[in-house]
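Q: sequence first, then the predicted structure:
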Amino acid sequence: MNDVLPDDAILWEHFEDTARAWLRVYGYRAIRTPILERTELFVRSIGAMTDIVEKEMYTFVDELNGESLTLRPEATASCVRAAIEHNLLYAGPQRLCYWGPMFRHERPQKGRYRQFHQVGVEALGYAGPDIDAEHIVMSARLWRSLRLDGIALELNTLGGSEARARYRARLVKYLERHHDALDADSKRRLHTNPLRVLDSKHPAMQDLIEGAPRLADDLDEDALKHFEDLQAKLRAAGIAFTLNPRLVRGLDYYNGTVFEWVTDRLGAQGTVCAGGRYDGLIAQIGGKPAPACGFAMGVERLLALMQHGAAWLSQTTLDVYLVHQGDAADRFAEQVAERLRDGGLRVLLHCGGGSFKSQMRKADASGARFAVIVGDDEVLAGEISIKPLRELAEQVRASIDEAVDLIKKGERR
Ligand code: ATP
Ligand code: MG
């Protein structure tokens, strides 16, 4: 679990601002749910036999009432729970979005943390494939807004539950025939969650996975049509993709479309965004049946990608460093600072005294564009002195209002 220090927070805030503006232009509305939920919610939605529920959740018993609670490992289940609880779908389908920390007890590595952050969207009550396409098109727009490239789209469909059941039976038969070649995890999953065997990163398993039966052969007509319509929409939008028949998701609730955005610039943790359809989930956790889909992106992984190209992000957030000396000047400076802030400027008022010279050094180091200087002369005249710090120009005297205009005129970096 990481601290984000001020130098890095600049990048986080830039990401958050960009993401919020992006969600607004697609008409997604924020939902904020608690970070703690009843454990049962995740067991029923994500699935008891998944990695997340089996070994990654931070679960504890509330000693006051014996209830089992869990720090949310993802937010889809919470969004769906809240939508059911507050009857949101009564008013029609909902485009929702969320932002925040998630918790998974994983082995920490670059790009894999125990507290990490996701931005995600959920479209509840939409059958698609128009909405599936919207999700993919909108994620592509975010990569452009963040000036990220080298992120590729992988696409698959898991079909409906009957097709999956047929496929599961075929797959289990195949894996049983090759039982000796399975690694320990896959042996364990063979009868609990066999589709996840396809997701194994174990090098020795790759040939076996390559030779496994394909789900595409079990798909019914509706699922195939949905998937083909989606692909046509993506082609029309100019979005390149690769079909990956091995793409399965680590959560049980998915069906139909699944997709991942992946990069090869982050080593093993290359998936920056993942999502798909979960038409059965709303009914599964007690709501009136309704189709849905969504996706979530890993903020830390996107920030790691941005770090490479983020030199253009200015460290400078200050317009003015306010330098002052003398009792009367100190009092005047406090008023000046407030008046400049009223004018919309970002002002750091020097605190802690010291000579003009040392204060000017601090002004320079602060990155502020201007030093505003208040001494006895200025107090008498009711004016302030303005010294540009980032360009060669004369120091000038002005009234406070004139100063606001003058400082605003220079383009902010
Ligand atoms: P992975 O295969 O990398 O474990 P996942 O399938 O468990 O991913 P999802 O539950 O689909 O991941 O979460 C969506 C996204 O959230 C992932 O694609 C990834 O970018 C990010 N993410 C998931 N787990 C972590 C983590 N422990 N640390 C940082 N980011 C994460
Ligand atoms: Mg995982």
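A: On my side now, so go ahead. Ligands and ions are numbered 1, 2, ... in the order given.

Q: can you count the residues close to Gly27?
A: Other residues within reach of Gly27, judged by other CB atoms under 10 Å, total 9. Heads up, the C-betas are built off the backbone N, CA and C, glycines and all.

Q: mind pulling up the phi and psi values for the closest residue to Leu195 other than its chain neighbours?
A: Among residues not flanking Leu195 along the chain, Val248 sits closest, at 4.8 Å (CB to CB, 6 or more residues apart in numbering). The phi and psi values for Val248, taken as degrees, to the nearest 10, are phi -130, psi 160.

Q: ok, now which ones touch the residue of the stretch 251-400 of the chain found nearest ligand 1?
A: Of the stretch 251-400 of the chain, the residue with the smallest distance to ligand 1, taken as CB to the nearest ligand atom, is Gly298 at 2.3 Å. Shown in contact with Gly298 (CB atoms under 8 Å, 6 or more residues apart in numbering): 111, 116-118, 271-273.

Q: and it, how far from Val262?
A: When CB to CB, to the nearest Å is the yardstick, Gly298 and Val262 sit 11 Å from each other.

Q: overlap in contacts of the two?
A: Counting by CB under 8 Å, 6+ apart, the common neighbours of Gly298 and Val262 are 271-272.

Q: could you see whether ligand 1 lies near the strand or helix carrying Val80?
A: Assigned by DSSP states H and E, Val80 belongs to helix 76-85. No: applying CB under 6 Å from any ligand atom, one finds that helix 76-85 is not in contact with ligand 1, the shortest distance being 8.8 Å.

Q: what's the next secondary structure element after that helix?
A: Counting by DSSP H and E, the next helix or strand C-terminal to helix 76-85 is strand 94-103.

Q: so what touches that following strand?
A: For strand 94-103, the surrounding residues in contact (CB under 8 Å, 6+ apart) are 16, 19, 23, 26-33, 35, 57-58, 71-75, 79, 83, 88, 114-125.

Q: so where is the protein shaky, pLDDT-wise?
A: Judged by pLDDT under 70, the chain has its weakly predicted residues at 250-251, 308-316, 410-413.

Q: can you pull the contacts of the closest residue to Ala381 other than its chain neighbours?
A: With CB to CB, 6+ apart as the criterion, Ala381 has its nearest non-adjacent residue at 7.3 Å, and that residue is Arg397. For Arg397, the set of contacting residues under the criterion of CB under 8 Å, 6+ apart consists of 378, 381, 383-386.

Q: let's see it at 10 Å
A: With CB atoms under 10 Å, 6 or more residues apart in numbering as the criterion, the residues that contact Arg397 are 373, 377-378, 381, 383-386, 403.

Q: so which helix or strand takes in it?
A: With elements delineated by DSSP H and E, Arg397 resides in strand 396-398, which encompasses its position.

Q: any idea of the angle the helix holding Val80 forms with strand 94-103?
A: Note on geometry: by axes from the mean of the first three to the mean of the last three CA atoms, to 10 degrees, helix 76-85 and strand 94-103 are set 140 degrees apart in direction.

Q: in helix 76-85, what's buried?
A: Residues of helix 76-85 classed as buried: 76-84 (neighbour count, 16 or more other CB atoms under 10 Å).

Q: convert the C-alpha atoms of stretch 22-33 to CSV, please.
A: Taking Å, rounded to 0.1, in the frame of the first residue of the first chain, the C-alpha atoms of stretch 22-33 are listed here in CSV:
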residue,chain,number,x,y,z
TRP,A,22,-13.9,12.2,-20.0
LEU,A,23,-16.7,10.5,-18.0
ARG,A,24,-18.8,13.7,-18.2
VAL,A,25,-18.6,13.9,-22.0
TYR,A,26,-20.0,10.4,-22.2
GLY,A,27,-22.8,11.1,-19.7
TYR,A,28,-21.6,8.7,-16.9
ARG,A,29,-22.7,9.7,-13.4
ALA,A,30,-20.7,9.0,-10.3
ILE,A,31,-21.7,6.6,-7.7
ARG,A,32,-19.9,6.4,-4.3
THR,A,33,-20.2,3.2,-2.3
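
Q: can you pull the buried residues of that stretch?
A: Buried-residue list, stretch 22-33, by 16+ other CB under 10 Å: 22-23, 28, 31, 33.

Q: so which bits of the longest helix anywhere in the chain are buried?
A: Longest helix in the chain by number of residues, with DSSP state H as the criterion: helix 6-25. Applying a neighbour-count criterion of 16+ other CB under 10 Å, one finds 10-11, 14-15, 19, 22-23 buried in helix 6-25.

Q: so what touches it?
A: 2-4, 28-30, 95-99, 117, 119, 121, 138-139, 141-142, 144-147, 297, 299-300, 302-304, 306-307, 310, 313-317.

Q: out of those residues, which sit inside strands?
A: With DSSP state E as the criterion, strands contain 29-30, 95-99, 117, 119, 121, 297 from among the contacts of helix 6-25.

Q: list only those of those flagged as buried.
A: 95-99, 117, 119, 121, 297.

Q: going by distance to Asn65, which of the residues you listed wins?
A: Ranked by distance to Asn65 (CB to CB), those are led by Tyr98 at 27.2 Å.

Q: perfect, that will be all.
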